[in-house]
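Enquirer: sequence below, structure please.
(one chain, ligands or ions: 2)
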Amino acid sequence: MGTNNITFTAANHVLSVLRSGRIQLKGIFQVGSNYTFLVEVNLQGESLEAVYKPTKGEKPLWDFPSGTLAKREVAAYLISEALGWGLVPPTVLRKNGPYGLGSVQLFVDFAPDGHYFNFTNTEREICRSVAAFDYVINNADRKGGHIVRSNRGHIQLIDHGVCFHYEEKLRTVLWDFAGEKLSENMCSDITDLATSINSFGKLRNKLSKLLSTAEINALSERATGLVASGCLPQPGLDYNYPWPML
Ligand SMILES: Nc1ncnc2c1ncn2[C@@H]1O[C@H](COP(=O)(O)OP(=O)(O)OP(=O)(O)O)[C@@H](O)[C@H]1O
Ligand SMILES: [Mg+2]
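Expert: Ligands and ions are numbered 1, 2, ... in the order given. This is a model prediction of the structure:
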């Protein structure tokens, strides 16, 4: 795994800019249910483009507590990193964005047609790990348009606002591998993730600032359960499709 990773040093550098840089609004994405802004983040002469999602701009949902979607974006990044799969662009929580608390995620440059439904077979194969990832984080809205090929050729995942509910809510377009066996590498990464969550160390500490205890426990149970079953989930009553699918 980890073929998608930007190097450790580069990722750390990006994280410090996202965490401490000055945020300037540049534009607003016209698509999507929540307010999402393109921003420029500047630190000591260095500037990065990023996507800012303030909690104030979140559309209330019946099933997720309000003002929590930005935190779920950050939690998804932490899990992607803990697994070592490099799927989610660096994402941090900022208290002092232009509209207050919100997530700030590195902008991924991708072509409008550079998404899952247009992937090559090789790219689709990488998505096997995405199917496992989405089960573990309990992604309630994995659209094809949110699995993208960056212009640097990496598969990246965006939009993790509605993940980590403690009830099963998996909704995804990614059923190509339903019921197929998990690889040994994936099993080992997911087992390590569960161990790390259950050891009440750094990762648990970070997650506890973003998710409820019930959500963290359910996360660890899904990770353990997935490895125990040895197979990717199949669609059924609880596992379904998002709308729209793109
Ligand atoms: N990291 C990113 N890099 C580049 N573009 C992004 C990134 N995150 C979000 N976007 C863009 O912003 C749009 C809206 O973001 P997102 O889909 O996460 O918000 P949403 O409110 O959950 O939308 P939806 O209702 O479609 O689920 C995306 O469709 C995408 O074009
Ligand atoms: Mg969304």
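Enquirer: make it CA atoms for all contacts and neighbour counts henceforth
Expert: Noted.
Enquirer: could you report the neighbour count for the residue in the chain that ligand 1 sits nearest to?
Expert: Proximity of the chain to ligand 1 (C-alpha to the nearest ligand atom) peaks at Gly32, 3.2 Å away. Per other C-alpha atoms under 10 Å, the neighbour tally for Gly32 reads 8.
Enquirer: gap between it and His165?
Expert: 20 Å (C-alpha to C-alpha, to the nearest Å).
Enquirer: least trustworthy helix or strand in the protein by mean pLDDT?
Expert: Sorted by mean pLDDT, DSSP states H and E, the helices and strands of the chain end with helix 8-20, the least confident at a mean of 86.
Enquirer: which neighbouring elements make contact with that one?
Expert: strand 37-43, strand 46-54, strand 91-97, strand 100-106 (3 or more C-alpha pairs under 8 Å, 6 or more residues apart in numbering; DSSP states H and E).
Enquirer: next, format those strands as JSON lines and append distance to Phe133, mean pLDDT and mean neighbour count.
Expert: As requested, the helices and strands packed on helix 8-20 are exported to JSON lines (distance: least, C-alpha to C-alpha, whole Å; pLDDT from 0 to 100; neighbours: other C-alpha atoms under 10 Å):
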{"stretch": "strand 37-43", "distance to Phe133": "26", "mean pLDDT": "97", "mean neighbour count": "20"}
{"stretch": "strand 46-54", "distance to Phe133": "22", "mean pLDDT": "97", "mean neighbour count": "22"}
{"stretch": "strand 91-97", "distance to Phe133": "16", "mean pLDDT": "97", "mean neighbour count": "20"}
{"stretch": "strand 100-106", "distance to Phe133": "18", "mean pLDDT": "98", "mean neighbour count": "24"}
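Enquirer: which stretch among those comes nearest Ser150?
Expert: Nearest to Ser150, of all the helices and strands packed on helix 8-20, is strand 100-106, at 11.7 Å by C-alpha to C-alpha.
Enquirer: any stretches of the chain with poor pLDDT?
Expert: For the chain, the stretches with pLDDT under 70 are 1-9, 238-239.
Enquirer: quick one, domains of it?
Expert: Following the assignment in automatic domain parsing, the chain carries domains at 8-106, 110-229.
Enquirer: quick check: bridge partners of the closest residue to Leu93 other than its chain neighbours?
Expert: Distances taken as C-alpha to C-alpha, 6 or more residues apart in numbering place Ser103 nearest to Leu93, at 4.5 Å, with adjacent residues excluded. When bridges are called by DSSP bridges, Ser103 pairs up with Lys53, Leu93.
Enquirer: surely Ser103 meets Tyr52?
Expert: Yes - the pair Ser103 / Tyr52 is scored as a contact, 5.6 Å apart, by C-alpha atoms under 8 Å.
Enquirer: identify each buried residue in the host helix or strand of Thr122, please.
Expert: Assessed by DSSP states H and E, Thr122 sits inside helix 121-137. For helix 121-137, burial by neighbour count (16 or more other C-alpha atoms under 10 Å) applies to 123-124, 126-137.
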